[in-house]
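A.B. asks: sequence plus the predicted model coming up.
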Amino acid sequence: MEINVIKGHGSGNDFLLIDEMTNDYTFTEAERAELARLLCNRETELGADGILFVLKSDRADGRMRIFNADGSEASMCGNGLRLVARYLCELLGKNEAVVETMKADLKVRKQAEIFPEVHTYQVEISPVLFSLNALPLQLNKPTLFNEKIPQLSEKLRFTALAVPNPHLIAIVDVETLQTDIQQQLSEKVNGPNELFPDGVNVSFVKPLGAGAIYVRTFERGVGFTNACGTAMSASSLVTCMQGLNEYESLIDVYNNGGKVQCVVHQIGQEYQIDLIGNATYLYKASVTTDLSAGSFVVTDKNYFAEQSVYERLQAEVQQFLTIK
Ligand SMILES: N[C@@H](CCC[C@H](N)C(=O)O)C(=O)O
């Protein structure tokens, strides 16, 4: 099978984008999962945190499906949605669009550049659900706000929410970030366990002063990634709920792959988050796959020049984080 892919990233969270809208691919469900496991493998020439499949939609400008590197499908992906937003806007000659995702149709739009010459997009993150059934998290209570889960830690306090993919968030200090507790508890809740039967994305959040936080995420289906867009959005909301940041204000969210900005909106009893950040292309490639043999060959690869500009932003961010 011959497939064209675009490799790109949002805050270093990298994806292979496959266009099923204008190409005549006829993947089965099993093939999409298999492609994710095969092409995302870091031991190969491609490697990525996941695959973004872009499809036709009956009711929106396009549809996004996100498969994690382990072949599991997730309901949402914030960093990936920025790449899909760019792809669709450029394909359709628009500055804004609506993208159908598994659980919601989301507004996306081209934004003023977050850093000179860095393609920047804003995407809507919603719905936000606090019911533990939405994750699911099996505790004998309806919600979890800044509370302990003794099975995971005697010390840390967690908030659980779905945006709509599942997130478990703890606000921590530098000392906690330097331990391996995040890895240990993330592996526990993403293996066979009674609390999170479907696994969960686990984020540790360090406040960096007014309007700024640092977020590190262990992603379900992947492991530690440079950044997770839905996690940074959910973390921004949790810091607003705890009075550490303000609603309707820009929050700078630093991560190991760069920086994004979030604005948390409170609309009555509901929440919605704007996630603003880069949508950077690395290269276009043509790939010949043999799924039955579990192998592929990259037959053509053409690099975009824009990553070198992004690396300047990343260097500034790393410098800022060293000072903090
Ligand atoms: N990296 C993504 C989230 C991808 C899905 C996640 N691993 C899950 O299984 O829920 C993002 O930027 O939001």
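C.D. replies: Here it is on my side, so go on.
A.B. asks: so does stretch 269-289 get close to the ligand?
C.D. replies: No. With Cβ under 6 Å from any ligand atom as the criterion, the ligand is not reached by stretch 269-289; the gap is at least 8.4 Å. For every residue, glycine as well, the C-beta is placed using N, CA and C.
A.B. asks: may I have that stretch exported as PDB, CA atoms only?
C.D. replies: Output of stretch 269-289 as PDB, limited to C-alpha atoms (Å, rounded to 0.1, in the frame of the first residue of the first chain):
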ATOM      1  CA  GLN A 269     -21.800  26.000  34.800                       C
ATOM      2  CA  GLU A 270     -19.700  24.900  31.800                       C
ATOM      3  CA  TYR A 271     -16.100  25.300  30.800                       C
ATOM      4  CA  GLN A 272     -14.400  25.600  27.400                       C
ATOM      5  CA  ILE A 273     -10.700  26.200  26.700                       C
ATOM      6  CA  ASP A 274      -8.900  27.900  23.800                       C
ATOM      7  CA  LEU A 275      -5.600  26.200  23.100                       C
ATOM      8  CA  ILE A 276      -3.200  28.300  21.000                       C
ATOM      9  CA  GLY A 277       0.200  27.100  19.700                       C
ATOM     10  CA  ASN A 278       2.400  26.000  16.800                       C
ATOM     11  CA  ALA A 279       1.400  23.700  14.000                       C
ATOM     12  CA  THR A 280       4.800  22.900  12.500                       C
ATOM     13  CA  TYR A 281       5.500  20.600   9.600                       C
ATOM     14  CA  LEU A 282       8.800  18.600   9.500                       C
ATOM     15  CA  TYR A 283       8.600  16.700   6.300                       C
ATOM     16  CA  LYS A 284       6.400  15.000   3.700                       C
ATOM     17  CA  ALA A 285       7.000  11.400   2.900                       C
ATOM     18  CA  SER A 286       5.800   8.600   0.700                       C
ATOM     19  CA  VAL A 287       5.700   5.200   2.300                       C
ATOM     20  CA  THR A 288       5.100   1.700   0.900                       C
ATOM     21  CA  THR A 289       3.700  -0.500   3.600                       C
END
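A.B. asks: and the closest residue to Asp173 other than its chain neighbours, what's its pLDDT?
C.D. replies: Leaving aside its sequence neighbours, Asp173 sits nearest to Lys206 (Cβ to Cβ, 6 or more residues apart in numbering; 7.1 Å). The model reports Lys206 with a pLDDT of 97.
A.B. asks: my read is that Asn190 contacts Pro197, right?
C.D. replies: No. If you go by Cβ atoms under 8 Å, Asn190 and Pro197 don't touch, sitting 10.9 Å apart.
A.B. asks: between these two, tell me which one has more neighbours.
C.D. replies: For Asn190 and Pro197, the more surrounded residue by other Cβ atoms under 10 Å is Asn190, and the numbers stand at 21 against 13.
A.B. asks: list the buried ones in whichever strand or helix holds the residue nearest to Asp173?
C.D. replies: For Lys206, the element it lies in under DSSP states H and E is strand 201-207. Judged by neighbour count (16 or more other Cβ atoms under 10 Å), strand 201-207 contains these buried residues: 201-207.
A.B. asks: could you do stretch 171-189 as well?
C.D. replies: 171-172, 176, 181-182, 185-186, 189.
A.B. asks: phi first, then psi, for Leu291.
C.D. replies: phi -70, psi -30 (degrees, to the nearest 10).
A.B. asks: if I look at it, how far off is the ligand?
C.D. replies: For Leu291, the distance to the ligand (Cβ to the nearest ligand atom, to the nearest Å) stands at 23 Å.
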